[in-house]
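[1] Sequence first, predicted model second:
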Amino acid sequence: MLTRRHFIATSTALFSAPLTAYPALAAGRPSAAQMNAWDKRVTPAGYDAATTNPWGFHPRFLPQRVKANDGLVPGDIHVDAVARYLYHIEEGGTAMRYGVAIARGNLYEPGVYAIRRKVKWPNWTPTPAMIKRDPAAYQQYANGMPPGPKNALGSRALYLFEGNR
C-alpha cells in the first residue's frame, strides 16, 4: 500500500536528481492504447464487481454496500485500519466497503488526508527507508518500476496529502 511516507520519499527522489537517472520515469507515460490493453489483460471478460470473483478472493475483501455511520460526509473515504476496510461514503447513508491492505507493523500513520493526485497505471519507486529495511525485496527497484500489470501499485494509485505535502 502506498503511504504518505512513500509518496514523500518518492517525490523527493524524483525532484532531487535528473529524470534520466530513473529509467522507469525517463521513458514517459504509457499511451492510452497501452493502458487500455493492460486494463483488458488484468480484468477478465464479463467481470462485474457486484457478482463475480474471478481471482477467488475471500468474500470479506469483495466490494459490498453497507450502512454508513451517522455524520459521515458523502464523498469522503474512511479507512478502518483494524478491520482493514476502506469505506467510500455515499448519499443516503450508505457506503461502499472494500477490503484493503494496510502498511505492516508500525508503518501505518493514522490521520486525515486528502486525495490530491490520481494516476492510472503509475510508476513506483521504493523509498530509501524501504530499501534499507528490506534490501532483498526492494533494492532491485531502486531506480523505479515502470507502469504495467507487474507494477507493485497495480493499475491505479491514489496519493494522500496532509496539507500540501
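    Yes, it's here.

[2] Would you map the helices across the chain?
    Assigned by DSSP state H, the chain shows helices spanning 4-16, 23-26, 32-42, 128-133, 135-138.

[3] pLDDT wise, what is Gln34 at?
    Looking at Gln34, its pLDDT stands at 96.

[4] and if you look at the one 5 residues further on?
    At Asp39 the predicted local confidence, pLDDT, stands at 91.

[5] Please apply the same query to Asn53.
    Asn53 is given a pLDDT of 88.

[6] Return the residues in contact with it.
    Pro59, Leu62 (Cβ atoms under 8 Å, 6 or more residues apart in numbering). Any C-beta I mention is one placed from the backbone N, CA and C, and that applies to glycine too.

[7] And the one 10 residues further on, by the same measure?
    Contact partners of Pro63, counting by Cβ under 8 Å, 6+ apart, are Ala49, Ala50, Met96, Arg97, Tyr98.

[8] Compute the distance between the closest residue to the second one other than its chain neighbours and Ala83, please.
    What it means is Ala50. Using Cβ to Cβ, 6 or more residues apart in numbering and skipping residues adjacent in sequence, the residue nearest Ala50 is Pro63, 7.3 Å away. Counting by Cβ to Cβ, to the nearest Å, the separation of Pro63 from Ala83 is 15 Å.

[9] still on that earlier bit, comparing the helices of the chain by mean pLDDT, which bottoms out?
    helix 4-16 (a mean of 41).

[10] Tell me which residues of stretch 122-136 come out buried.
    Of the residues in stretch 122-136, Pro122, Asn123, Trp124, Thr125, Pro126, Thr127, Met130, Ile131 count as buried by neighbour count, 16 or more other Cβ atoms under 10 Å.
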